[in-house]
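Below are the sequence and a predicted model; questions follow.
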Amino acid sequence: MFERQRQGTVDVIRCGEALIEEHLDELSNLLAECLESGGQPRAVLDLQLVPLLDSAGLERVLDAHEEFERLGGGLRLAAPNDLCRDILACSGLLEQVEVLSDVKTAVGSFAR
């Protein structure tokens with residue numbers, strides 16, 4: 001289950017499933033909606049309830065990050081658990097995509 005909400009000018013996508021291949025169509029659709037909303041797309045993926053990421057999930061996050069940046073916006077990750085943070089670090093994604101401790105901080109990071 002994924003849910004998109006708006007906080008000011010930032011879309012927040014709450015991820016309630018593992019970011020694995022079987023669940024990525026729904027996430028991809030929400031990310032596409034964010035990208036199509038016009039202007040500089042800004043989004044936060046709330047990973048608080050995500051138990052696991054696989055290679056397909058990592059690739060989708062990286063692709064989305066690159067697309068958001070190409071359009072002059074940004075994508076942030078928020079609140080990953082220890083396992084997900086380790087996966088992000090081992091994959092090198094932690095160095096490419098900004099990861100913050102919570103959604104509020106991640107949304108606020110677009111103001112700087």
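Nice, thanks for sending it over.

can you give me the offset of the longest helix seen in the chain from its chain's centre?
Using DSSP state H to define each element, the chain has its longest helix at helix 55-70. Distance of helix 55-70 from its chain centroid, counting by Cα atoms, centre = their mean, to the nearest Å, is 8 Å.

Flag every buried residue along it.
Neighbour counts over helix 55-70 (16 or more other Cβ atoms under 10 Å) mark G57, L58, R60, V61, L62, A64, H65, E67, F68 as buried. Using the backbone N, CA and C atoms, a C-beta is placed for each residue, glycine as well.

Same check on stretch 83-98?
For stretch 83-98, burial by neighbour count (16+ other Cβ under 10 Å) applies to C84, I87, L88, S91, L93, L94, V97.

The last one and E22: what is the separation?
From V97 across to E22, the span is 22 Å (Cβ to Cβ, to the nearest Å).

hmm, back to that, take the buried residues of stretch 83-98 and keep only those in strands.
Taking DSSP state E, every one of the buried residues of stretch 83-98 sits outside strands.

so how far is S28 from the most centrally placed residue in the chain?
The residue lying closest to the centre of the chain (Cα atoms, centre = their mean) is L45, at 3.1 Å. When distance is defined by Cβ to Cβ, L45 is 12 Å away from S28.
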